[in-house]
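Asks: predicted model follows, preceded by the sequence.
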Amino acid sequence: MTSKEIRQEFLDFFEEKRHLIVPSAPIVLKDDPTLMFSNSGMTQFKDYFLGYRTPKNRRIADTQKCLRVSGKHNDLDDVGRDTYHHTMFEMLGSWSFGDYFKKEAIAWAWELLIDRYKVSPEDIYVTIFEGDISENLEKDEEAFGFWKAHVSEDRILLGNKKDNFWEMGESGPCGPCSEIHIDLRSETEKQRILGKDLVNKDHPQVLEIWNLVFMEFNRKSDGTLEKLPTRHVDTGMGFERLCMALQGKESTYDSDIFSPLIERVERISGKRYTAKLEDEKDIAMRVVVDHIRAVTFAIADGQLPSNNGAGYVIRRILRRAVSYAYRFLGTDQPFFYKLVEVLKNQMGSFFPELISQKKLIIEVIKEEEVAFFKTIAHGLVRVEKLISDTLKRGGDILAGKDIFELYDTYGFPDDLTRILAEEKGLTLDISSFEQEQKKAKERSKGAAQSKVYDWVVLKDAPEKFVGYDVLSIKTQITRYRKMESKEGVLYQIVLENTPFYPEGGGQIGDTGYIVPLERGQGRDRVQVLDTKKENGLIISSVKTLPENPGAVFFAEVDENRRLATQKNHSVTHLLHEALRNILGDHVEQKGSYVGPDYLRFDFSHFSKLTDEETERIENDVNEKIKENIPLKESRHVPIKQALDSGVRALFGEKYGDFVRLIEFGLSRELCGGTHVQNTGEIGHFKILSENSVAAGIRRIEAISGNAYNAYVENIEQQFIKASVLLKSKDLTRAIKKLLEENKKLSSEIEILKKEKVKSEVLSWKSDFIDKGNKKLLVKKTSMDVESIKDVVFQLKRGVSGAVIIIFSKKNDKPFISVGVSDDLVSVYQAVNVVNELAAEIRGGGGGNAGFAAAGGKYLEGIEKAYQKALEL
C-alpha cells in the first residue's frame, strides 16, 4: 500500500465505525498558552477532555500534523541519527468522548491492523498498565481481559507508570494506556531473541505504533488523582512508523513518504544515500528531508521564522538542516527551498495549504537560507580569530563560553566550530559549552515558569460571551484559580456572562472592572488587567480576588479602550480589501495586531510599496470611511455556507462548524473580533510605515480615530515650533534657504579638514618611533574618521616600513584606525592588529592587510589599547 492509501484506509475504517472525520488543526497553536505547536493528536480536543466544550460528535477521527521540537516532547536531537524519530509527523487518531471505552477501542485496533492492513498477529505485542502502589492504582485487568480475546497471554506485557500511564501535563485528564508494538525483524533474529524482550527497549525494529489511552482520571495541581465524571478514549498511531511497517522497510526514511525527497537531495548534492546510521552524509540527508516538512507546514500554517517564540524554533530547524547539508553534503548555495515542490506533489492533495501557499513558502525559505549563509560567512571570520587568539596564547582548547556566544548570539553551528578547530589541532571545551547552554535554558525557563493552581468551581453554569452587544452586564464568577510567577500573584476568573473580549484574531483582550452589585458585599471594584481564551474558556486576569467571589457583580469593559481598538480592527478589514484591489488578488493577510493606539497588518506581497501605491491604498480606505458603510454582522453561519459564498478564510486559523461573518460593503471576512457599527465612526486612517518582515511578507503600521487626531495635532505643533525657529510661515522656502547655506558651509569645512590633514601629516611624520628597522606611530586625535583615514593613507605612502595606529572618538564611542605600509604587509596585517587592540574597547572591526578600523563600546579602554599599541 502507498502512504496515501494507508492514510485513507484508516479514515475510511473509522468512518465505518460512525466516527466523524475532521481535518487536521493547524500545526501552530494560537489558543493554548502551554504549547507553541500541536505535539499530539489530542491537542485540538483538549477543551472536550477538560469539559469546557461539547464535541459535535462523540466519536471523531483524523490525521493531525504534529511537531515535537521543544519542551517535554522534543525529538529534535534524535532526528537523522536513528531510523524513526521525526520533528514533524502525522498522528492518525480516533476518539471517544464519553461513548465507547476499552472493549471497542481494543477490538477495532486489532481489526484494522490484522484484517485491513494484513499485519501478521505473530508480529504484534501489546502492553497494559501494571498498576502503581504509590498512586493506589491497580493493574488494568479490564484491558488485560479484552486483549485476551485477540492475543495469547504471553504477548500481553505489563508496563510501568512511565510507559503505560498517559498524562496530558502536570495536571488534567489522564489514565492507563495500552500500547501496540510491532516486531519488524527477520525470522532469524526473532528466533534468536523473543520480541517481547525488546519491547520498550529502544530497538529500531521493535516499535510502538499505536497507543490506546483510556482517560478515567483527573490529575489535580497538588498531584492527587480523582475519577472523571465521564470516561474517554484517545488513540494515536504514528503514520510514518505504520507506513514503514506496512511497506516492509527498516526505516521510516525508506518509505514512500521520504524517498522522493531523498532522491531530490541526491540530485542536488550529487551524493548517494546509502541508508547507513553512522554515515554523516546519510544523517545529513535524513535531517534535511525531515526538517523540510516541519518548516514547510509551519510556514503554510502562518508561522514565519523569527528571533523569538515559535518563529525562533522554526528558524532553528531550518538552519539545522542547512548547516548539516553545508557540512556533509557540500551545499554552499541555497537549496532547501527546492524541496517544497516535491513535498507539495506528495502531500498537497490531502493538505491543500501546501498548494495555495507554495510561492510564499519557497520565498521565505530561500531568503532564510541566503541570510544563514551570510551568518556562516561572518561566523567563519570570528571562529578563525578565536582559533588564532587561542594558538597565540599557546592554548589547545577553545573555551565553551566563546563557542556558546558564537552559537547563541551569531547563530553559528557548534559542530562547524568543532570541525574548524580540529583542523588546527584544537579541541572544544564541550563540558563548559553544555553548561552555558543549560544556564541559558534555565534563564529562559525561569522567566516563563509559573505555578497554576486548580480551578475553584463556584457555580456549574455554561459561560457565555455577550461583549458583541453590551459593554457591561450583571454576572457571577463561575470559577477562579490562583497563578504564581516571577511577576507575583494573579488570579484568573471566568464569568457566567462576560462582556470582556478575549485576545484573538490579532485583537488585544479587554480590560475593565468587576464591581459588587450591592454594598456590603466586599471591597470596591476589582480591576480586570487582561482577557484571554484558553481551551475554550474566556479567562480574565485580576490582581486581587473580590472579598466575596460568590457575589453578584457588574462587569464593565473599559469603553474608551474598546472603542479605539474596534476602530482599528474594522479598518484592518478595509485595508485588506484595499490592498487586494490595488496590488492584486495574491495579497493575503499573514498576521495582525489590533490595539487602541495603533494597528499592524502583515500581508503577502513581493515588493516594497511605491509612494503612489501607498497613497492610493490610504485614499481607498478613507473613501470607505467617508461612505459611512454600515456593519453587516452574521452570527452562527455554517462554515461551508460561508466559504461557498466566496468569503475569505485565513490559512493557519482554526474555524469551527459555525462562524461569524463581518461585512463592510465589498469587504467580507470571517472574524470573531469587535467592530464599529459603521465605517464613519473610524474618523480617518493614516499609514505610518511600510516595510518587510520576511521574504514575501510586508508590514503596514497605521493609526485611526483619536490616534490620528493626536498625530495631526502633533504635526501642527511641530509646524508652529519650526515656524518660530525659522522665523517664517513659508517653511518650504525657509528650509530650502537653510539647506543652501548648509551646503556652502559644508564645502568650507571640507576645505578646512583637508588643510588640517595636510598639517597633521607634516607634523606626525616627525613623531614616528624607531623599532629596529621599522617605524611605529601611535596617536590620539579629535579628527573625524574620514580625515583620519586620509592621514593614514598619506603617511603610508610617505613613510616606508611603518605601522600607524590612531585612536579617536566617534559619537562618544572609541574608534581605532590602523595602517601598514605596503612593504610591511607580509609581516604585519592591519586587520590582525586592529582586532587585537579592539578587544580592549570591547569591539571588533574589519579591513585588509593595508588598512583596518574598529569601533567599540568601552571608551575607558582606549588608554589600555594605547599602551598596548606602544608595545608592539
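Replies: Structure's in. What do you need? Numbers count the residues shown, from 1 in each chain.
Asks: drop to CA atoms for contacts and neighbour counts, all remaining ones
Replies: Noted.
Asks: residues contacting E701?
Replies: 598-601, 687-690 (C-alpha atoms under 8 Å, 6 or more residues apart in numbering).
Asks: list the buried residues for stretch 162-169?
Replies: For stretch 162-169, the neighbour count (16 or more other C-alpha atoms under 10 Å) marks 163-168 as buried.
Asks: pipe those residues into a markdown table and attach pLDDT, secondary structure and distance to S766 per row.
Replies: What follows is those, written out as a markdown table (pLDDT from 0 to 100; DSSP: H, G, I helix; E, B strand; the rest coil; distance: C-alpha to C-alpha, whole Å):
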| residue | pLDDT | secondary structure | distance to S766 |
| --- | --- | --- | --- |
| D163 | 93 | helix | 82 |
| N164 | 96 | helix | 85 |
| F165 | 96 | strand | 84 |
| W166 | 92 | strand | 82 |
| E167 | 88 | strand | 81 |
| M168 | 77 | coil | 79 |
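Asks: make JSON lines from the residues you listed and add distance to K533 to it.
Replies: Conversion of the buried residues of stretch 162-169 to JSON lines gives the following (distance: C-alpha to C-alpha, whole Å):
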{"residue": "D163", "distance to K533": "32"}
{"residue": "N164", "distance to K533": "32"}
{"residue": "F165", "distance to K533": "29"}
{"residue": "W166", "distance to K533": "26"}
{"residue": "E167", "distance to K533": "22"}
{"residue": "M168", "distance to K533": "19"}
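Asks: one step back: pick the one among the contacts of E701 closest to Y513.
Replies: Nearest to Y513, judged by C-alpha to C-alpha, of these is Y598 at 23.3 Å.
Asks: who's in contact with the closest one?
Replies: Y598 makes contacts with 568, 701-704, 707, as judged by C-alpha under 8 Å, 6+ apart.
Asks: distance check, it against N628.
Replies: Y598 sits 21 Å away from N628, taking C-alpha to C-alpha, to the nearest Å as the criterion.
Asks: quick one: contacts for the closest residue to I156 other than its chain neighbours?
Replies: Once flanking residues are discounted, I156 sits nearest to V126: 5.1 Å by C-alpha to C-alpha, 6 or more residues apart in numbering. Taking C-alpha under 8 Å, 6+ apart, we find V126 in contact with 155-157, 178-181.
Asks: which of those residues fall in helices?
Replies: Secondary structure from DSSP state H places none of those in helices.
Asks: redo these as CSV? Include neighbour count, pLDDT and distance to P546.
Replies: Shown next, in CSV, are these (neighbours: other C-alpha atoms under 10 Å; pLDDT from 0 to 100; distance: C-alpha to C-alpha, whole Å):
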residue, neighbour count, pLDDT, distance to P546
R155, 17, 96, 58
I156, 21, 97, 54
L157, 18, 97, 53
S178, 29, 97, 46
E179, 25, 97, 47
I180, 22, 97, 51
H181, 23, 97, 53
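Asks: would JSON lines of these with distance to V587 be doable?
Replies: Putting these into JSON lines (distance: C-alpha to C-alpha, whole Å) gives the following:
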{"residue": "R155", "distance to V587": "57"}
{"residue": "I156", "distance to V587": "56"}
{"residue": "L157", "distance to V587": "56"}
{"residue": "S178", "distance to V587": "48"}
{"residue": "E179", "distance to V587": "47"}
{"residue": "I180", "distance to V587": "47"}
{"residue": "H181", "distance to V587": "48"}
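Asks: of these, which belong to strands?
Replies: 156-157, 178-181 (DSSP state E).
Asks: can you tell me the element G673 falls in?
Replies: If you go by DSSP states H and E, G673 is not part of any helix or strand.
Asks: hang on, it packs against I508?
Replies: No: using C-alpha atoms under 8 Å, G673 makes no contact with I508, being 9.5 Å away.
Asks: buried residues in whatever helix or strand I751 lives in, which are they?
Replies: Assigned by DSSP H and E, I751 belongs to helix 731-764. Under the neighbour-count criterion of 16+ other C-alpha under 10 Å, helix 731-764 has 753, 757, 761 buried.
Asks: returning to what we had before: out of the contacts of E701, who's the most crowded?
Replies: Neighbour counts for those peak at L599, which has 24 neighbours (criterion: other C-alpha atoms under 10 Å).
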